[in-house]
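Trainee: Model the following, please.
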Amino acid sequence: MISIVVVGRNDNHGYNLSKRVSSSLNSMAQMLSEGDEIIFVDWNTPTGYPVMPKSIQDDLLPNTKSLLRIIRVPESIHNLVSEGSNRALIEPMARNVGIRRASPDAKWILSTNTDILFASPSGKNFQEIFQNLEDALWMSYRFEIPEFVW
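Mentor: Prediction:
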C-alpha cells in the first residue's frame, strides 16, 4: 500500500490554483492501485470556505475521489502551533499531520506537492515501480514543465 501526502489550503494562492491541484491529484490517482490513498491536509483554509478538494470536486475523476482522504486543520489549531508566524500554512507541520495519519498498512509514503504531475512512460503504477525497491529513503528530481504544456 502507498500513501501520498499533500498539503494545501483553499486560498487561491498563485495562478490557476484549482486547475493545478485537480490536475495533480488526478495524475496521482492514475498511478495508484486499489487500497492506496491520497491524504490531502487542508491547513487553515479560511473559515466559511470549503476545503480545497471539495471546492474542486467537479474536476476530480471518480477514481481520485475514491482514493482521497481529507484532513482539515482549522485556524484554531494553526494559531496554537504557528508560534507567531505570519505564514498561513506551516508546511512541515501539515506534512507531519498527514504522515501520522497515513494508513498503518502503507509500506510507502510519498510526500509531494499539489502542483506535481505524475506520468509513467512504461505504463506501470507506483506499486509496480516500487515493489522491488529496498526499504530506504528515496528522493527524486523535480522537472519543471512549461505552463502551456499542462
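
Trainee: hey, let's count contacts and neighbours off CA atoms from now on
Mentor: OK.

Trainee: ok, residue 96 - how many residues close by?
Mentor: Neighbourhood size, residue 96 [other C-alpha atoms under 10 Å]: 14.

Trainee: Can you report phi and psi for it?
Mentor: Dihedral pair for residue 96: phi -60, psi -40, per degrees, to the nearest 10.

Trainee: for the one 4 residues further on, same thing?
Mentor: Recorded main-chain torsions at residue 100 are phi -70, psi -20, according to degrees, to the nearest 10.

Trainee: Tell me how far it lies from residue 93.
Mentor: Note on residue 100: its distance to residue 93, by C-alpha to C-alpha, to the nearest Å, is 10 Å.

Trainee: One more: residue 126?
Mentor: Counting by C-alpha to C-alpha, the gap from residue 126 to residue 93 is 26 Å.

Trainee: Repeat that for residue 51.
Mentor: 18 Å.

Trainee: Compare neighbour counts for these two and give me the winner.
Mentor: Comparing residue 51 with residue 93 by other C-alpha under 10 Å, the one with more neighbours is residue 51, at 24 against 15.

Trainee: Please tell me the pLDDT value assigned to the more buried one.
Mentor: The model reports residue 51 with a pLDDT of 93.

Trainee: these two touch, right, it and residue 12?
Mentor: No - using C-alpha atoms under 8 Å, residue 51 is not in contact with residue 12; the gap is 11.7 Å.

Trainee: can you list residues touching both of these two?
Mentor: Counting by C-alpha atoms under 8 Å, 6 or more residues apart in numbering, residue 51 and residue 12 have no common neighbour.

Trainee: Return the backbone torsion pair for the residue nearest to residue 43 when sequence neighbours are not counted.
Mentor: Nearest-residue entry for residue 43: residue 73, 4.8 Å, with adjacent residues in sequence omitted and distances by C-alpha to C-alpha, 6 or more residues apart in numbering. Main-chain dihedrals, residue 73, degrees, to the nearest 10: phi -110, psi 110.

Trainee: what sits against residue 73?
Mentor: Residues near residue 73 by C-alpha under 8 Å, 6+ apart: 41-44.

Trainee: would you turn these into CSV with neighbour count?
Mentor: Shown next, in CSV, are the contacts of residue 73 (neighbours: other C-alpha atoms under 10 Å):
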residue, neighbour count
41, 27
42, 23
43, 27
44, 23
